[in-house]
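Visitor: Compute the structure for the input listed below.
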Amino acid sequence: MKPFFLSLLSIFLLGTFTFVRSQRPVVQKNGREYGQQQQLKKLLSRVGVDVPAIEARTSQPRTYRELKIRLSDTSKGSTELKPARSAQEQTPSAAIVEDKKRSGDLPRQRSLELSPTQIFIAGVDAANKLRWWSIVPDPRVVRSETQSPTGELRGEDYYVSNVTLVVAFPDDPEIANLRFYRPVWNGTDYDLKPLTTVPTR
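Guide: Coordinates of the predicted model:
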């Protein structure tokens, strides 16, 4: 009976270990999603956007929309290229150039790391609830490097006055508009400064 008991115990322990091991990635994933949700809540609460609980979010549709958007600086005396320091406070106008519907799944945004050379895009419904979000490089920013008399390379960011940005987002009928924000460092973390809003329906 003892060998049989030992065999049974070994099978039980192996099964328990396998079960716990298989559950660990799920726990890690849920923990990462919860942490990201709390970051989003803190970030978007400052601009009046509500972030629903993870359980309340619907699954993404199998189709998505692709908007080609023209961002233009219409301020008086605007030029094609401006130093970033003087152009950051300007608010561009936005116009939809092209709207296409495509089949397939969109990759989920995995990271909430912000920088001043990016744009945060929030897909928001009519009740100011977040339905989708993404972080993309700011197409207005170009990097210029010049060589000083001593041979050192010095870099400076410039803003292009007129650019085209392609945004792919879920074909979700609840998304009423896309809100564009510029991350601004406040000394401890990032705030979102509104850039423009594009209606989607």
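Visitor: Only C-alpha atoms from now on, for both contacts and neighbour counts.
Guide: Fine.
Visitor: Check which helix or strand the residue nearest the centre of the chain maps to.
Guide: Taking Cα atoms, centre = their mean, the centroid of the chain lies closest to Ser134, which sits 2.3 Å from it. In this assignment (DSSP states H and E), Ser134 forms part of strand 130-137.
Visitor: Would you agree the residue nearest to the centre of the chain is in contact with Ala122?
Guide: Yes. The pair Ser134 and Ala122 passes the contact test of Cα atoms under 8 Å, sitting 6.7 Å apart.
Visitor: What about the closest residue in space to Tyr190 that isn't next to it in sequence, how many residues nearby?
Guide: Of all residues not flanking Tyr190 in the chain, Val184 sits nearest, at 5.3 Å (Cα to Cα, 6 or more residues apart in numbering). Val184 has 16 neighbours, counted by other Cα atoms under 10 Å.
Visitor: What is the subsequent helix or strand relative to the helix or strand containing Val184?
Guide: Val184 belongs to strand 177-185 when elements are defined using DSSP H and E. Using DSSP H and E, the helix or strand that follows strand 177-185 in sequence is strand 190-199.
Visitor: Using CSV, list the CA coordinates for stretch 172-185.
Guide: Presented in CSV, the C-alpha positions along stretch 172-185 are these (Å, rounded to 0.1, in the frame of the first residue of the first chain):
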residue,chain,number,x,y,z
ASP,A,172,-17.0,50.9,-32.0
PRO,A,173,-20.3,52.8,-32.5
GLU,A,174,-20.0,54.2,-28.9
ILE,A,175,-16.9,56.2,-29.7
ALA,A,176,-18.2,59.7,-30.3
ASN,A,177,-14.9,61.5,-30.8
LEU,A,178,-11.1,61.2,-30.7
ARG,A,179,-9.4,63.5,-28.3
PHE,A,180,-5.8,64.4,-28.8
TYR,A,181,-3.5,65.4,-26.0
ARG,A,182,0.2,66.5,-25.6
PRO,A,183,2.0,65.1,-22.5
VAL,A,184,3.5,67.9,-20.4
TRP,A,185,5.9,67.2,-17.5
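Visitor: Can you give the distance of it from its chain's centre?
Guide: What separates the centre of stretch 172-185 from the centre of its chain is 9 Å, taken as Cα atoms, centre = their mean, to the nearest Å.
Visitor: same question, stretch 148-160
Guide: Between the mean C-alpha point of stretch 148-160 and the mean C-alpha point of its chain there is a distance of 29 Å (Cα atoms, centre = their mean).
Visitor: one step back: the strand holding Val184: which residues count as buried?
Guide: Judged by neighbour count (16 or more other Cα atoms under 10 Å), strand 177-185 contains these buried residues: Asn177, Leu178, Arg179, Phe180, Tyr181, Arg182, Pro183, Val184.
Visitor: same question, stretch 166-173
Guide: Residues Val166, Ala168, Phe169, Pro170, Asp171, Asp172 are the ones in stretch 166-173 that count as buried (16+ other Cα under 10 Å).
Visitor: Which residue ranges of the protein form strands?
Guide: With DSSP state E, the ranges of strands along the chain come out as 63-72, 81-83, 93-103, 118-124, 130-137, 141-147, 153-160, 162-170, 177-185, 190-199.
Visitor: ok, and which of those has the densest surroundings?
Guide: Ranked by average neighbour count under the criterion mean count of other Cα atoms under 10 Å, the strands of the chain are headed by strand 118-124 at a mean of 23.
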